[in-house]
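In: here are the coordinates; sequence isn't available:
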């Protein structure tokens with residue numbers, strides 16, 4: 001059975017940055033406990049780059065990197081919100097914050113999975129690699 005995919009919109013608090021992601025009706029979302037995700041309450045929906053498009057605000061994005069510099073944390077330079085970014089675990093895709101979608105409760109099912117980003121991050125991250133493959 002082929003799962004239905006729908007383009008869903010989202011963005012930052014002030015709407016200066018807007019995006020769309022092609023998402024299934026049933027989601028598996030990672031709740032990471034690493035230092036940055038825990039502090040920002042980011043709930044990860046990892047998608048291939050082909051299933052993500054920035055529709056507004058490329059000129060409003062500011063970037064932040066730390067540690068290895070592989071993750072590209074992208075923030076709205078107006079309101080400061082990170083609604084999506086390029087994750088270190090999936091540099092060929094994007095991680096969209098469930099909480100930044102226009103209708104985060106409109107899915108058939110959302111299963112939140114704990115991700116131990118504080119522990120052995122490298123070993124844990126390998127379990128996510130398939131999520132950014134088209």
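Out: Ah, there it is. None of the values given here were measured: they were computed from a predicted structure.
In: Any buried residues in the worst-scoring helix or strand of the chain on mean pLDDT, and which?
Out: Sorting the helices and strands of the chain by mean pLDDT, DSSP states H and E puts helix 121-125 at the bottom, at a mean of 80. Buried residues in helix 121-125, defined by neighbour count with 16 or more other C-beta atoms under 10 Å: 121, 124. The C-beta positions use only the backbone N, C-alpha and C, and glycine is treated the same way.
In: For it, which outside residues touch it?
Out: Outside helix 121-125, the residues that touch it by C-beta atoms under 8 Å, 6 or more residues apart in numbering are 34, 88, 89, 115, 116, 117.
In: Quick one: distance of that helix to the chain centre.
Out: Here the centre of helix 121-125 is set off from its chain's centre by 17 Å, with C-alpha atoms, centre = their mean, to the nearest Å.
In: Please indicate which of the contacts of helix 121-125 has the highest neighbour count?
Out: Counting neighbours by other C-beta atoms under 10 Å, the top entry in the contacts of helix 121-125 is residue 89, with 24 neighbours.
In: returning to what we had before: for the contacts of helix 121-125, work out which two are farthest apart.
Out: Spanning the widest gap among the contacts of helix 121-125 are 88 and 116, at 14.6 Å by C-beta to C-beta.
In: So residue 113 belongs to a strand, correct?
Out: Yes: assessed by DSSP: H, G, I helix; E, B strand; the rest coil, residue 113 belongs to a strand.
In: ok, it to residue 33 distance?
Out: Distance, residue 113 to residue 33, by C-beta to C-beta, to the nearest Å: 12 Å.
In: does residue 76 really touch residue 56, like I thought?
Out: No: Residue 76 is not in contact with residue 56 according to C-beta atoms under 8 Å; the separation is 10.5 Å.
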